[in-house]
Structure formats: C-alpha cells, structure tokens
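Novice: the sequence isn't on hand, but the structure is:
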C-alpha cells in the first residue's frame, strides 16, 4: 500500500520555480528532493528529482536561491550541466548522458502528493547542512 503525503500545491511550485523537501530512504539516509515545473504534453505539471547533480555531490536547489531553471532545464550551479525538468535527462557538460534520480509523486486537484513507497516524508525544506555545496567553480560554463 502506497502512503500518500500532501507536499504542496502545484501553484506554489509554479510561483516559486522549485520546492524543496526532505525524505528518508529505506537505508535510513536523508535525501533532499526538489519539485520543479514540467511543461509537457500528457505530463504532470511538476516532477520530483533527488536534489543532486549526477556528476558530483552538488545540490541543484540551494538555500536562498532555489533551483536555477533556464528554458525548461535545471542548471547545475557547479559546472553548468543542464537537466530537462520533465525527464531529468542531461545531454551536455560534465553530467552528459545521465538522468536525475526520480521520486514518485501524484498530482490531484492542484495538490502534489508524495507516493514513492521507497521513501518517507520528513519535512519541508532541506536536510539542514550545506557541506559539499561549494558553489560554482572556475570551470563553470553557466551563460546568461
């Protein structure tokens, strides 16, 4: 049986650009998860991804900044790899040919629910520490 936990509203994710929460996996490890807008045909209006670049231990959603999203892609703040918000796939930079780890959610009547039976909801917001979040490096190729 899947336990559902109401996370937030679709409207909140769309207005804020991303929304962060923390879960505990079956091993007992805490993981941050980001909700991001997804604008695709026959798709949920938001998707959920583990808040970590596939290239390095780099958070994509950062406290006080949120997740940087450009043209439907989440930008890694360290090396500039870009992940599609709807599929999690990256075709460029250091993380090319990788896909973010997804977390199962459901959207009903404008609300977003956590439905992944491999994790349990802990809290809104991050895990509480910023270790390993060095920010952009000198090799960053983020362009504005």
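Specialist: It's in. Not measured: the values here are computed from a predicted model.
Novice: this structure: helices as residue ranges?
Specialist: With DSSP state H as the criterion, the chain has helices at 10-16.
Novice: centroid residue for it?
Specialist: residue 34 (2.9 Å; Cα atoms, centre = their mean).
Novice: retrieve the pLDDT associated with it.
Specialist: Per-residue confidence (pLDDT) for residue 34: 98.
Novice: shaky segments in the chain?
Specialist: Residue ranges of the chain with pLDDT under 70: 1-2, 40-42, 129-144.
Novice: that one: strands as residue ranges?
Specialist: For the chain, the strands defined by DSSP state E occupy 5-9, 19-25, 30-37, 46-50, 61-62, 66-67, 69-70, 73-75, 82-84, 89-90, 98-99, 105-108, 111-114, 119-124.
Novice: would you mind measuring from the closest residue to residue 53 other than its chain neighbours to residue 52?
Specialist: Distance criterion Cβ to Cβ, 6 or more residues apart in numbering; nearest residue to residue 53, sequence neighbours excluded, is residue 76 at 4.4 Å. Using the backbone N, CA and C atoms, a C-beta is placed for each residue, glycine as well. Between residue 76 and residue 52 the computed distance is 10 Å (Cβ to Cβ, to the nearest Å).
Novice: who has more neighbours out of the two?
Specialist: Between residue 76 and residue 52, counted using other Cβ atoms under 10 Å, the more crowded position is residue 76 (27 against 20).
Novice: I figured the more buried one hits residue 51, correct?
Specialist: No - using Cβ atoms under 8 Å, residue 76 makes no contact with residue 51, being 11.1 Å away.
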